[in-house]
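Novice: Provide a 3D model corresponding to the input given below.
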Amino acid sequence: MKITEILTKKLTAFWLLSLAAVAFIFLFIALVSFVQLTYKFQQHQMSEFELMLLQHQQQHQLKHLDIWLPQILSAYKAQHFLLTRNGEVVYQYENSDDETSLVNYERVVSEPLALTFNISLPQPFVLNNVSWHGMLIFLFGVAAIWLFVRWGHTWLAQQLEGVEELAKRSHLILSGDYDKALAESGHGRPRLINRALTQLLLELEDAQKQRARFDQFIRSNTFLDPETGIGNRLFLKNRLDALSNGEGMMAPGVLLLLEMEDLDLLQQEMSEEMIHELLSQTISGISKLLDTQANSIFSRRSYNQFAIVVPQISLADVEKLAAKLLKVCLAQPLDGVINQNDFFHIGLAYFKVGESKEQLLEEAEMALRAAQFQGNSSWFMYDKGAVDGEFARGTVRWRSFLEYALVNKRVVAFSQPVMDSDGLEHHKEISCRLRDNSGGLVRATLFLPMAIKCGLTPQIERQVIEAVLFDLLVSNANPDARYSINLSLDTLTSRAFIRWLKTTLLEYRHLASKLIFEVNEDILVHNIDKLRPPLDMISKMGASLCVDRVGQQVVSMEYIQACKIDIIKLHRSIVRQIHLRQENQLFVRSIIGGLYRSEVQFFAEGIESFEEWQTLKILGVSAGQGSLFSEPMEEV
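Specialist: Reported below is the predicted structural model:
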């Protein structure tokens with residue numbers, strides 16, 4: 001845009017100088033013509049004067065010259081006149097006026113008589129004074145020229161300003177900021193081009209919305225139950241796969257199976273609208289209850305059975321959650337149901353790290369059968385003793401441990417490389433663990449839920465950023481090394497943290513481009529209004545933005561343009577065995593196709609096999625991370 005403004009100023013200046021030059025040349029030519037015209041007029045007077053002398057010679061033999069000649073010479077304002085015949089002076093005239101600029105004329109009146117005269121006259125243009133009406137005409141002409149030049153300059157500036165508006169809109173379009181380009185409709189000229197750009201932008205906006213709706217429709221029909229709008233059986237399977245690996249579950253949690261007794265038989269006794277109303281109200285109540293549980297999973301296994309998975313939750317909180325869940329179910333109207341007190345049954349299976357998902361499902365089904373055998377609407381938990389010892393710490397002990405670790409700088413950074421399709425390292429993702437008093441490392445799946453409860457997440461993530469800026473980037477010999485850091489909702493909404501981050505990025509502006517900040521997709525979608533200002537600040541400072549766990553929920557992808565996201569990272573539930581799952585491949589194709597021609601990069605996490613990586617590369621994923629490349633390594 002600066003180049004366009006410079007060219008516009010140069011063009012207007014050139015146009016103005018051209019008009020000024022034309023006016024100057026016009027006035028100069030007029031002046032030269034005036035001078036030449038006065039000279040010709042004076043020469044014509046001398047020719048007439050010569051003719052009078054010749055006639056006087058022929059008629060009066062040059063007698064009585066002193067009678068009429070002085071009056072004529074005075075009229076001509078002659079300063080000197082000398083008339084000679086055969087070298088003798090016949091008549092001489094001298095004027096007492098002192099004129100400096102004189103023109104001498106020497107003429108031969110008669111050859112046979114050798115009659116010649118020499119006369120000195122003032123410059124001819126001096127004798128022709130400009131009259132008041134001539135001066136008025138001259139001033140009027142100058143004013144007309146000035147007004148014309150002024151009007152022309154204003155008109156040209158307006159036209160070029162319209163071109164600048166078109167250039168500005170074009171720049172916004174090329175940079176991908178279509179919303180601002182549409183808002184900058186203005187008065188661009190040529191107006192036909194401006195209206196064409198506006199119409200194309202409107203059609204593009206509508207096409208993008210249609211594409212987003214279509215992509216969301218594809219993903220919804222792949223992973224959502226069409227009747228209830230929650231996850232289907234395939235969605236549950238993918239999410240359980242994401243929570244586990246070859247060694248079993250990667251974090252503790254609970255699996256709940258909720259079954260509505262004889263719901264299929266009620267279809268014969270109740271109308272379809274009543275069944276739908278019952279399901280809608282029950283699911284709505286359960287969804288509100290699960291809003292307080294981070295990363296929870298709610299899906300439909302069969303017509304009358306629903307599954308809920310809540311990772312990283314303590315046993316005491318599981319019992320409270322089961323009681324609240326049963327209370328929500330019993331609060332639903334069961335008009336028309338014969339056995340209302342024996343309609344809802346909940347089976348729970350608490351799992352710890354290392355347990356297999358197959359065993360988990362079997363335990364949950366056994367717990368569900370036990371709840372049904374009790375005879376009334378109730379819940380039953382399988383194996384209450386399956387509690388991770390570290391996770392069973394009390395909140396007070398956890399707060400003391402976390403504060404001690406923060407004060408003594410016991411946050412240990414672990415890195416896992418993200419490799420591109422050429423086998424080169426794109427960046428490293430940084431995670432952290434805490435070192436306890438015995439020298440052991442406490443994994444993030446244990447302390448992060450407690451850190452969130454204690455409100456210490458911003459302090460932990462601040463120490464991770466400091467470790468990257470002050471240690472890893474300084475000590476790394478590779479000048480192109482980049483690191484990604486995960487930021488939580490509490491951290492991004494902390495004013496103190498955002499002020500510190502802004503100040504730090506300003507101070508280390510040369511290192512900001514080497515940082516990538518990752519945000520959970522679910523957190524971003526549900527808090528986009530609160531997170532947009534801090535994310536916009538991070539982007540303006542030069543750091544990149546990444547959204548991870550994409551595909552964990554079925555949501556619209558419009559947040560990518562709204563927050564200027566640079567990288568999206570597919571969730572491991574989509575990546576797991578993607579070479580065998582056509583529906584997951586369709587999901588990835590819809591995401592990549594929806595952002596075609598954008599500058600967003602597509603990464604994947606949780607890659608464990610070569611077949612998964614090959615399939616992802618074919619689908620258009622440009623980089624990935626997982627155990628196939630490397631396990632997280634401690635940064636020393």
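Novice: ok, residues contacting stretch 362-372?
Specialist: 255-257, 259, 261, 307, 345-349, 351, 378-383 (C-beta atoms under 8 Å, 6 or more residues apart in numbering). Using the backbone N, CA and C atoms, a C-beta is placed for each residue, glycine as well.
Novice: redo that, cut-off 7 Å
Specialist: 255, 257, 259, 345-349, 378-383 (C-beta atoms under 7 Å, 6 or more residues apart in numbering).
Novice: closest one of the residues you listed to Leu446?
Specialist: Leu255 (18.9 Å; C-beta to C-beta).
Novice: can you pull out the strands in the stretch 251-400 of the chain?
Specialist: With strands called from DSSP state E, counting those that start in this stretch, the stretch 251-400 of the chain shows them at 253-260, 297-300, 305-311, 344-351, 378-382.
Novice: give me the element Met419 is part of.
Specialist: Met419 belongs to strand 411-420 when elements are defined using DSSP states H and E.
Novice: and that strand, how far out from the chain middle?
Specialist: 28 Å (C-alpha atoms, centre = their mean, to the nearest Å).
Novice: picking that back up, tell me the two of the contacts of stretch 362-372 that are most distant?
Specialist: Using C-beta to C-beta, the pair of these lying farthest apart is Glu259 and Asp383, separated by 19.6 Å.
Novice: of these two, who's got more company?
Specialist: Glu259 (22 against 14; other C-beta atoms under 10 Å).
Novice: enumerate every residue touching that one.
Specialist: 304-305, 345, 368.
Novice: repeat that for Asn232.
Specialist: Taking C-beta under 7 Å, 6+ apart, we find Asn232 in contact with 223-225, 299-300.
Novice: among these, who's most crowded?
Specialist: In the contacts of Asn232, the most neighbours by other C-beta under 10 Å go to Phe223, 25 neighbours.
Novice: contacts only, for that residue.
Specialist: 231-232, 234-235, 554.
Novice: how near is Gln305 to Ser314?
Specialist: 26 Å (C-beta to C-beta, to the nearest Å).
Novice: neighbour count: the two, which is higher?
Specialist: Ser314 (22 against 17).
Novice: and the longest helix for this protein?
Specialist: Under DSSP state H, the helix in the chain containing the largest number of residues is helix 2-60.
Novice: that helix - contacts with which helices or strands?
Specialist: Applying 3 or more C-beta pairs under 7 Å, 6 or more residues apart in numbering; DSSP states H and E, we find helix 2-60 packed against strand 102-110, strand 115-122, helix 124-127, helix 132-174.
Novice: reformat these as TSV; add mean neighbour count.
Specialist: Output for those, formatted as TSV (neighbours: other C-beta atoms under 10 Å):
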stretch	mean neighbour count
strand 102-110	14
strand 115-122	19
helix 124-127	15
helix 132-174	14
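Novice: spit out the contact partners of Gln293.
Specialist: Counting by C-beta under 7 Å, 6+ apart, Gln293 has contacts 310, 313.
Novice: where's it relative to Gln372, distance?
Specialist: 25 Å.
Novice: and Trp398, by the same measure?
Specialist: 37 Å.
Novice: if I pick the residue nearest to Leu360 when sequence neighbours are not counted, what's in contact with it?
Specialist: Take Leu360 and drop its neighbours on the chain: the residue closest to it by C-beta to C-beta, 6 or more residues apart in numbering is Phe351, 5.0 Å away. With contacts defined as C-beta under 7 Å, 6+ apart, the neighbours of Phe351 are 249, 252-253, 255, 360, 386.
Novice: can I get these in JSON lines including neighbour count and distance to Gly626?
Specialist: Converted to JSON lines, these look like this (neighbours: other C-beta atoms under 10 Å; distance: C-beta to C-beta, whole Å):
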{"residue": "Met249", "neighbour count": "21", "distance to Gly626": "17"}
{"residue": "Pro252", "neighbour count": "26", "distance to Gly626": "22"}
{"residue": "Gly253", "neighbour count": "27", "distance to Gly626": "21"}
{"residue": "Leu255", "neighbour count": "27", "distance to Gly626": "24"}
{"residue": "Leu360", "neighbour count": "23", "distance to Gly626": "22"}
{"residue": "Ala386", "neighbour count": "16", "distance to Gly626": "28"}
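Novice: thinking again about what came up before, and of the strands of the stretch 251-400 of the chain, who's closest to Asp548?
Specialist: Across the strands of the stretch 251-400 of the chain, closest to Asp548 is strand 305-311 (C-beta to C-beta), at 15.9 Å.
Novice: domain-wise, how is this structure divided?
Specialist: Per automatic domain parsing, the structural domains of the chain span 2-127, 132-215, 233-390, 393-634.
Novice: could you give me the average pLDDT of the second one?
Specialist: Domain 132-215 shows an average pLDDT of 74 in the prediction.
Novice: measure the closest residue to Asn104 other than its chain neighbours to Phe81 for me?
Specialist: Nearest non-adjacent residue to Asn104, counting by C-beta to C-beta, 6+ apart: Ser120, 5.2 Å away. Per C-beta to C-beta, Ser120 is found 8 Å from Phe81.
Novice: for Arg399, give me its contacts.
Specialist: Cys454.
Novice: ok, now with 8 Å
Specialist: Arg399 makes contacts with 450, 454, 456, as judged by C-beta under 8 Å, 6+ apart.
Novice: which one (most neighbours) among those residues?
Specialist: Highest neighbour count within the contacts of Arg399: Met450, with 22 neighbours (other C-beta under 10 Å).
Novice: for it, phi and psi?
Specialist: Here the main-chain torsion angles of Met450 (degrees, to the nearest 10) amount to phi -70, psi -30.
Novice: one more: Ser438?
Specialist: Per degrees, to the nearest 10, the backbone of Ser438 is at phi -90, psi 0.
Novice: neighbours around it, how many?
Specialist: 5.
Novice: relative to Phe401, how far out is it?
Specialist: 12 Å.
Novice: how about Ser271?
Specialist: 56 Å.
Novice: the two: which has the busier surroundings?
Specialist: Phe401 (19 against 10).
Novice: and the pLDDT at Leu545?
Specialist: For Leu545, the model assigns a pLDDT of 94.
Novice: same question for Thr100.
Specialist: pLDDT recorded at Thr100 is 65.
Novice: and what of Leu127?
Specialist: 58.
Novice: what are the buried residues along stretch 319-334?
Specialist: Under the neighbour-count criterion of 16 or more other C-beta atoms under 10 Å, stretch 319-334 has 319, 321-322, 325-326, 328-329, 332, 334 buried.
Novice: my bad, should have said stretch 296-308
Specialist: Within stretch 296-308, judged by 16+ other C-beta under 10 Å, the buried ones are 296-301, 304-308.
Novice: give me the residues contacting it.
Specialist: By C-beta under 8 Å, 6+ apart, stretch 296-308 touches 225, 228, 230-233, 235-236, 239, 255-264, 283, 286-287, 290, 309-311, 325, 364.
Novice: go on, stretch 274-286?
Specialist: By C-beta under 8 Å, 6+ apart, stretch 274-286 touches 227-230, 258, 260, 263, 266-267, 298, 306, 308, 325, 328-329, 331-336.
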